[in-house]
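Colleague: Sharing a sequence plus its predicted fold:
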Amino acid sequence: MKLPLLLLLLATGLSEVGLSPTLPPATPERGAGNLAAGRVPQAAPLTDSTADKMLVFQRSIGGWPKAVGSKKVDYKHPLNAAERVATLADKGRTDATIDNNATTREIAYLAKAYQTTNNAAYRQAAETGIRYLLKMQYANGGFPQYYPDFSNYRHQITYNDNAMVRALEVLRDVAKQKAPYVGLDAALALQAQAAVARGVQCMLKTQYVRGGHPTAWCAQYDEKTLQPAKARAFELASLSGDESVDIVRFLMGIEQPSAAEKQAVECAIDWFQKVKLTNTTVQEVTDPQTHKVLDRKLVPQAGATVWARFYELNTDRPIFVGRDSQVHYQLADIEIERRAGYLYAGTWPEKLLTKDFPAWQKRLSAAHK
């Protein structure tokens, strides 16, 4: 008997006793979807290999580490199966941070990847990262370097390496729903706006005031007293000729600044002008073959201007501190390892003074006409 006829007879017989034939379902073609139900086939979401690796490294708390142990996170490095499993097993670690661009770079990249791929996993990861920034912010508006790991100096409000400024820059763009943060959870915009307002108030409160006159900012502050604080052995409580630059730029980015915000900018600009080291430059001694920096020196050079990384709080004298935490007033007086491995002087405020500040003044002047 032919097979179709046999199946028909079996089905008829089974139906007569109240049963239905149990036949194996047809296997649909890959990607065909449920065409019988009239559904449109759904294509697999587009992917981005770097974004996929960022999903693997994201911690359960929402942020990202800058390194795992002593190994820096490098998204150019391909993840093999074993590394992927080990990294996913690390999700519960408390090493999420905003130091060295960690977390802010991932949020920005994933938000952009979502715009180009429409991959919902990237949007969700970016939103979770933004919520991490909102969660880590102190009530006074400051940001710790790490969260939730508050060991050592990680709990301090951290302007060092522009950590807090970068977090606020991301949140300000989220608040404005500026690209690439278009199409994210709408509730995040209002939360980010409030967080930015708190951050600005923290900047105003932490600008170091001496003799009733605001000056610049320190790299770290005590999160409770808002007083300047020490971090690493060679990073004492002192005014920063580096981190203060991006704080000023952030304040200049306020569209309609208040009188207090304008004063903060103008006083900081005055301070930069006051403490610049004229007719001085940084000379690097490098290995002729590897170009590795072997030493740095401050030397005279007509017409050149640099700023110190650290200035004494109450005197504005440039200070140079090695791993012994002893204050010196000459770069040559600290160990060569630190001179070669850390920037104690640079031209950080130059563009701020010559281009950014005049443009800011012009914009405000035009707005009042």
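Modeller: Received it, and whenever you're ready, just let me know what you need.

Colleague: ok, Arg309 - contacts?
Modeller: Residues in contact with Arg309 (Cβ atoms under 8 Å, 6 or more residues apart in numbering) are 240-242, 342-346. All C-beta atoms are positioned from the backbone trio N, CA, C, and that covers glycine.

Colleague: scratch that, Trp271 is what I was asking about
Modeller: 215-216, 239, 244, 316.

Colleague: Work out for me the element it sits within.
Modeller: helix 259-275 (DSSP states H and E).

Colleague: Dump that helix to CSV, restricted to CA.
Modeller: C-alpha atoms of helix 259-275 as CSV (Å, rounded to 0.1, in the frame of the first residue of the first chain):
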residue,chain,number,x,y,z
ALA,A,259,26.3,84.6,37.3
ALA,A,260,28.0,82.1,39.6
GLU,A,261,28.9,79.8,36.7
LYS,A,262,30.3,82.8,34.7
GLN,A,263,32.3,83.8,37.7
ALA,A,264,33.7,80.3,38.1
VAL,A,265,35.0,80.4,34.5
GLU,A,266,36.4,83.9,34.7
CYS,A,267,38.2,83.3,38.0
ALA,A,268,39.8,80.1,36.7
ILE,A,269,41.0,81.8,33.6
ASP,A,270,42.6,84.5,35.7
TRP,A,271,44.3,81.8,37.7
PHE,A,272,45.7,80.1,34.6
GLN,A,273,47.1,83.4,33.5
LYS,A,274,48.6,84.0,36.9
VAL,A,275,50.4,80.7,37.4
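
Colleague: Report the buried members of the contacts of Arg309.
Modeller: The neighbour count (16 or more other Cβ atoms under 10 Å) marks 240-242, 342, 344-345 as buried among those.

Colleague: Name all residues that make contact with the residue nearest to Lys72 when sequence neighbours are not counted.
Modeller: Nearest residue to Lys72 in three dimensions, chain neighbours excluded: Lys66, at 6.7 Å (Cβ to Cβ, 6 or more residues apart in numbering). Applying Cβ under 8 Å, 6+ apart, one finds that Lys66 lies in contact with 72-73, 97, 99-102.

Colleague: and which of the contacts of Trp271 is nearest Arg131?
Modeller: Arg131 lies nearest to Ser244 out of the contacts of Trp271, by Cβ to Cβ, at 29.4 Å.

Colleague: State the phi and psi torsions of that closest one.
Modeller: phi -60, psi -30 (degrees, to the nearest 10).

Colleague: same check, this time on Gly241
Modeller: Torsion angles, degrees, to the nearest 10, at Gly241: phi -80, psi 0.

Colleague: re the thing from before, what about the buried ones among the contacts of Arg309, which are in strands?
Modeller: 240, 345 (DSSP state E).

Colleague: Rebuild the buried ones among the contacts of Arg309 as JSON lines, extending it with distance to Ala51 and pLDDT.
Modeller: Listed next are those as JSON lines, based on distance: Cβ to Cβ, whole Å; pLDDT from 0 to 100:
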{"residue": "Ser240", "distance to Ala51": "34", "pLDDT": "98"}
{"residue": "Gly241", "distance to Ala51": "37", "pLDDT": "98"}
{"residue": "Asp242", "distance to Ala51": "31", "pLDDT": "98"}
{"residue": "Tyr342", "distance to Ala51": "33", "pLDDT": "97"}
{"residue": "Tyr344", "distance to Ala51": "38", "pLDDT": "98"}
{"residue": "Ala345", "distance to Ala51": "38", "pLDDT": "98"}
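
Colleague: export the buried ones among the contacts of Arg309 to JSON lines and tack on distance to Gln193?
Modeller: Shown next, in JSON lines, are these (distance: Cβ to Cβ, whole Å):
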{"residue": "Ser240", "distance to Gln193": "27"}
{"residue": "Gly241", "distance to Gln193": "31"}
{"residue": "Asp242", "distance to Gln193": "28"}
{"residue": "Tyr342", "distance to Gln193": "37"}
{"residue": "Tyr344", "distance to Gln193": "38"}
{"residue": "Ala345", "distance to Gln193": "38"}
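
Colleague: For Glu83, state which of the buried ones among the contacts of Arg309 is nearest.
Modeller: Nearest to Glu83 among the buried ones among the contacts of Arg309, with distances taken as Cβ to Cβ, is Tyr342, at 31.6 Å.
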